[in-house]
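A.B. asks: any chance you could fold what I've pasted below:
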Amino acid sequence: MLFSFALWIGGIVGCIGLIHFFFTLPMRRMERARLFLDLLEDTLKGGQSVEEMILSIAQSRVQMVGVRFHLLAAEIESGLSFGAALKKTPRFLPPQISAMLRAGEKLGDLQKVLPACREILRDRPASVRSAVHYLILFVLLFSPVFIAVTLMTTVFVIPKFKDVFAGMSIQLWPLTAFVFGLADSGMLVFLEITITLLMAVLVLIYIGGPQFTRIFQFRGFPIVDWIAWRVPWKQKRLQRDFSAMLSVLLDGGVSEAEAVRLAGECTANEICRHRVARAVTALEQGIKLDEAIRTFDAAGEFHWRLTNAARARGGFLNALRGWHETLEAKAFQQEEASAHIITSGLVILNGLLVALIAIAMFGMLVMLLNHMVGIS
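C.D. replies: As a prediction, this is how the structure comes out:
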């Protein structure tokens, strides 16, 4: 008994630790990226080579930088440049950050792209994290309970009631007959499992990050990038990434066509790249930048903001910083609202299924009591 109790406690502690690990995985991934950018900035200010810094930290066996940092160091040690090593280790940094750093290396000044990188790595508000964590908790804990209750009811409880009513020749209520039909066909359990699996996919996408979603990306049909562009808050973040990198490149004196092309590459999204390619074609035909960029933003807001930024002092990045913050705030708001709507909808849907089963069962009890009263 003591061993069983210890095993039970160990299982609970293990589940709590596993949930905590999943909850904090995206935040730890972002924190490692911020740490690397801090190291990179200090190295560039000190005039040291980036490759030397990476090798030095790897040789010191610092654990807080993560395993993939040491994989990056191994690629550099084999003779690759920093940008080439980044391309070889795509899981080390978020795709947009990695693309921006490679673009900065091509420009010959990594320090110029660091402000745009930091725009991407902003912390999520506590309310957004709480909403997403509640959704994860619902999938990991509550959904399996709903599935178990529905399965036990349909396998053990409902068949017993059916046998009793069949033996007493009592005609079932239409609602009770409908619920029994769903139970016999397995639709109740199937519906619960389907909902749970769909929510589990969303949780895996959140926990696994961009590199996990790339598993489902097809070269001929970029379904993941297409979905990302259609999700409102992800589209706003893609617009922010493109605008931030374009501002940095224009402030750095890069030609408009090259700046637009590199900024499109830094979004790490095929849909954005196709739209940017049309913008580059328009620029090559002599169309102004603010007009050519309409292919990237159909709403036209980016157009007039870029027009105003070109007339402002202090550079494009400073002029557009307010818009970047607005895009980020709207993205967080939409993400939080969606998480709450999905979680609330799941709770209501599961509540309706439980209520349907409960009404059907109580209906049978009422019919049974009426039958017994009629006999007496």
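A.B. asks: only C-alpha atoms from now on, for both contacts and neighbour counts.
C.D. replies: Fine.
A.B. asks: kindly report the domain assignment for this protein.
C.D. replies: Per automatic domain parsing, the structural domains of the chain span 2-93, 126-216+336-375.
A.B. asks: let's have those in TSV, adding mean neighbour count, distance to Thr326 and mean pLDDT.
C.D. replies: Putting the domains of the chain into TSV (neighbours: other Cα atoms under 10 Å; distance: least, Cα to Cα, whole Å; pLDDT from 0 to 100) gives the following:
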stretch	mean neighbour count	distance to Thr326	mean pLDDT
domain 2-93	15	21	81
domain 126-216+336-375	16	15	74
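A.B. asks: dump those into JSON lines; add distance to Arg230 as well.
C.D. replies: Listed next are these as JSON lines, based on distance: least, Cα to Cα, whole Å:
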{"stretch": "domain 2-93", "distance to Arg230": "22"}
{"stretch": "domain 126-216+336-375", "distance to Arg230": "14"}
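A.B. asks: neighbouring contacts of stretch 357-375?
C.D. replies: Here stretch 357-375 makes contact (Cα atoms under 8 Å, 6 or more residues apart in numbering) with Ile170, Leu172, Trp173, Leu175, Thr176, Val179.
A.B. asks: for Gln48, which three-state class applies?
C.D. replies: With DSSP: H, G, I helix; E, B strand; the rest coil as the basis, Gln48 sits in coil.
A.B. asks: and it, how far from Leu37?
C.D. replies: As for Gln48, its distance to Leu37 is 14 Å (criterion: Cα to Cα, to the nearest Å).
A.B. asks: how about Thr153?
C.D. replies: Distance from Thr153 to Leu37, counting by Cα to Cα: 55 Å.
A.B. asks: swap in Phe190?
C.D. replies: Computed as Cα to Cα, the Phe190 to Leu37 distance reads 47 Å.
A.B. asks: next, the buried residues of whichever strand or helix holds Ile97.
C.D. replies: Element membership of Ile97, judged by DSSP states H and E, is helix 95-107. Buried residues in helix 95-107, counted by 16 or more other Cα atoms under 10 Å: Pro95, Gln96, Ile97, Ser98, Ala99, Met100, Leu101, Arg102, Ala103, Gly104, Glu105.
A.B. asks: surely the fifth one meets Asn269?
C.D. replies: No. The pair formed by Ala99 and Asn269 falls short of the contact definition of Cα atoms under 8 Å, at 10.9 Å.
A.B. asks: who touches stretch 317-331?
C.D. replies: By Cα under 8 Å, 6+ apart, the residues outside stretch 317-331 that reach it are 119, 232-234, 236-237, 239-240, 243-244, 247-248, 251, 305-306, 309, 312-313.
A.B. asks: repeat for stretch 295-304
C.D. replies: With Cα under 8 Å, 6+ apart as the test, stretch 295-304 has contacts from Cys272, Arg275, Val276, Arg278, Ala279, Asp290, Glu291, Ile293, Arg294.
A.B. asks: and what of stretch 43-58?
C.D. replies: Here stretch 43-58 makes contact (Cα under 8 Å, 6+ apart) with Leu40, Phe69, His70, Ala73, Ile76, Glu77, Ser81, Phe82, Leu110, Gln111.
A.B. asks: distance of the second one from Ile193?
C.D. replies: The span separating Phe69 from Ile193 equals 39 Å under the rule Cα to Cα.
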